[in-house]
Every structure is written in structure tokens, then in C-alpha cells.
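>>> Give me coordinates for this.
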Amino acid sequence: MPTQESITSALIIILSFFLIANIGAFIFEKYFKKWIQQSKSKLEEIIIPKIRPKLIQLLVFVGIRFAINELGLTGWIPNLINSIIVVIVTYLTMITAGLFIEGWTLHIDKKNKSHLAHSILPMFKSIANVLIFIGGLIWILREWNIDVSPFLASLGIAGVIVGFAIQDSLKNIFGGISLILDGTFKVKEKIELDSGDIGVIEDISIRSTKIKTINNELITIPNGKLADMKIKNFSKPVSTIRMIIDFGVAYGTDIDKLRKIVEKMLNEEKGIIKDPTETLIVNELGDSSINCQIRFWAENHTVAIDKKAEIIEKLYNTLNKENIEIPFPTRTLYLKK
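Numbering: from 1, shown residues only. Okay, the predicted model is just below:
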């Protein structure tokens, strides 16, 4: 039987925890509410009406549990109080996990200029809530000395069956997640696939990615397949890109004269970034020609393609005007007498 002294100690413990809970709530209201409002987020709408009352209840029930220990009570009463504490902790964990997931998805979507992370937000929240609920349920069952091994075995078998059933869908979902986490590309960035297709990212969804090609065609690729591809991103690490034009001139051509002609031609070209150290490169003495390269930089891939076409045409006209021969492959035959 509890003594008068233990009963008094138990009441003091409960009262102390009740006071601590309310003092903590007062401090929270006074010092943190203003900061949450300044952050312009939805934390005020979620934390204050939902989390604050549950934190007070949690501290009160923790105080009751300590009081029960002080009274020396056993049996179903401690188990009931422990179960209530677990329920409150489970609820708070769900709310906190939801906040972290939502904040993470908003950050990822803002960074990548997409809505992929936000579109899978409900799924992430559901998975997190189910896992947290199962963890809380197992904790409560163990408090009541109930064997959870058959439950865990059944849950594992069900998980394997569901996993096989939605294997392709899961591959696409996690493929999209991996693309987002790796920062492979963003919406409106130009990429080239290992298939040779070049286009601009139009949309990144939960299942697939849409790419608008340079021929104004829309390609839809499952994220699982896209995650396994080799992708060239023309916007990273910077959008500037170097273009190379290969051409050949006849043997006997004055290279110094040719370099001056090319430099003058590039100086008159607008919209390119010329590299003074690599304007004209002689890279091979071929069978029929001296093979050269013109190298220049452009602000982005779209500008580079247009400028490359313009410079090739201008180069041909300039070489003709300067009487510099552009040879074609020839073969000399020696006939044995």
C-alpha cells in the first residue's frame, strides 16, 4: 500500500511536471512565435495548434509515470500510461517527420526548378507515417508482453510481394529521386542523351521526364531508364561551351597568312568568345591536306550551334576569296612498265 509520504511525493512530481510543461509553453509562445512568423512559413499553423498541446500532455504523462514509480504500483496501470506516452511520441514523430520531408521537398524543387519532389511528397509522408506507426504499435505490444514475431514475419512477406508487384513503378520513382539528389539536370537545361538526342528539359514528374528536342519533338523517358543513361549537360558546370571546326588546306599554304585570315574573320564575328591562344591549331599533316582546327567559345549551346554554321560558311567564302585551296582526297597511281 502506498504511504502518505509516497502519495505526497507523487503529487509533487505530477504538479512539477505540469508546471514545467506550462512554463515551457509560455516561453515557446513568447520567444519562438515571432521568429516563426518572420520566417514566412507554415510552421506557426502546424506547430502551435498541434505540437504544443501534445508536448504539454507528454510532459504531464511522463510526470504521472514517475509518480506511479514513486507509489510502487504495478500491473496494467503502468502499461497503460506507457502506452499513452508511446501514442503521443508517435504522433509528434509523425508531425516532425512530415515537416522535415515537406521542407526538404520544397528546397529540392526550388533548387531544381521542378515539381518532382513535391509530387512525391504525399507518398513520402505516407511511407514515413506507416513506418512510424508500425514502430509505435510494436512498442505498445511489447509493453503488454505480446509476441510480435509473427506480425513482423507477415509484414516482411507482404512487403516482398508488394515490392515485386510494383517493381517497375518503384524503379521509375527512385530513379527520379536519384536524378534530383545528384543534381543531374534542372528544368529548362539543355542535355544530350547517350542515344544522341539533344533537347531541353520540359518537365520532371514522379514517373518520367519530358525532353523537347531541337527538332521540336517531345520525348518522354521513364526516370528509371534515364537514371542509367550517360547524360551530357550543356549548362553545367557553366553554360559556356567550346566549339571546334575541322578543315584542311593544301600543302604549300602559308600557315601564318592563314592564321591572320582566321583571326580577322573571328574578330569580325559577334556573339562568340575568342580564345587568343587557340584561334587556329594545326593538328595533323594528312595524306592530302594540312588539317587544322578553329576553336572558339559561345555563351551557350544554342548560340554555339548557330555560330558554328555561320563561321563554316564564312570560312569557306574567305578561303576562296584569298585563293587558299581546300583540297579533296586524291590518289596518285604509278603504272609499272
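>>> Which parts of the protein are helices?
Using DSSP state H, the helices of the chain run over 4-27, 33-38, 43-46, 52-71, 76-112, 116-119, 121-143, 149-165, 167-182, 223-227, 255-267, 301-321.
>>> what angle do the longest one and helix 52-71 make?
Translated: helix 76-112. For helix 76-112 against helix 52-71, the angle by axes from the mean of the first three to the mean of the last three C-alpha atoms, to 10 degrees is 150 degrees.
>>> for helix 76-112, packing partners?
helix 43-46, helix 52-71, helix 116-119, helix 121-143, helix 167-182 (3 or more C-beta pairs under 8 Å, 6 or more residues apart in numbering; DSSP states H and E). Every residue, glycine included, has its C-beta placed from N, CA and C.
>>> buried residues in it?
Under the neighbour-count criterion of 16 or more other C-beta atoms under 10 Å, helix 76-112 has 81-95, 97-99, 101-102, 105, 108-109, 112 buried.
>>> swap in the fourth one?
Buried residues in helix 52-71, defined by neighbour count with 16+ other C-beta under 10 Å: 52, 55-68, 70-71.
>>> Kindly format the C-alpha coordinates of it as PDB.
Below are the C-alpha coordinates for helix 52-71, written out as PDB (Å, rounded to 0.1, in the frame of the first residue of the first chain):
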ATOM      1  CA  ARG A  52       2.400  22.400 -28.400                       C
ATOM      2  CA  PRO A  53      -0.700  20.700 -26.700                       C
ATOM      3  CA  LYS A  54       0.900  17.300 -27.300                       C
ATOM      4  CA  LEU A  55       4.200  18.300 -25.700                       C
ATOM      5  CA  ILE A  56       2.300  19.500 -22.600                       C
ATOM      6  CA  GLN A  57       0.400  16.200 -22.500                       C
ATOM      7  CA  LEU A  58       3.600  14.300 -22.900                       C
ATOM      8  CA  LEU A  59       5.300  16.000 -20.000                       C
ATOM      9  CA  VAL A  60       2.200  15.500 -17.800                       C
ATOM     10  CA  PHE A  61       2.100  11.800 -18.500                       C
ATOM     11  CA  VAL A  62       5.800  11.400 -18.000                       C
ATOM     12  CA  GLY A  63       5.200  13.000 -14.600                       C
ATOM     13  CA  ILE A  64       2.400  10.600 -13.900                       C
ATOM     14  CA  ARG A  65       4.700   7.700 -14.800                       C
ATOM     15  CA  PHE A  66       7.300   8.900 -12.400                       C
ATOM     16  CA  ALA A  67       4.600   9.300  -9.800                       C
ATOM     17  CA  ILE A  68       3.500   5.700 -10.400                       C
ATOM     18  CA  ASN A  69       7.000   4.500  -9.800                       C
ATOM     19  CA  GLU A  70       7.100   6.500  -6.600                       C
ATOM     20  CA  LEU A  71       3.900   4.900  -5.400                       C
END
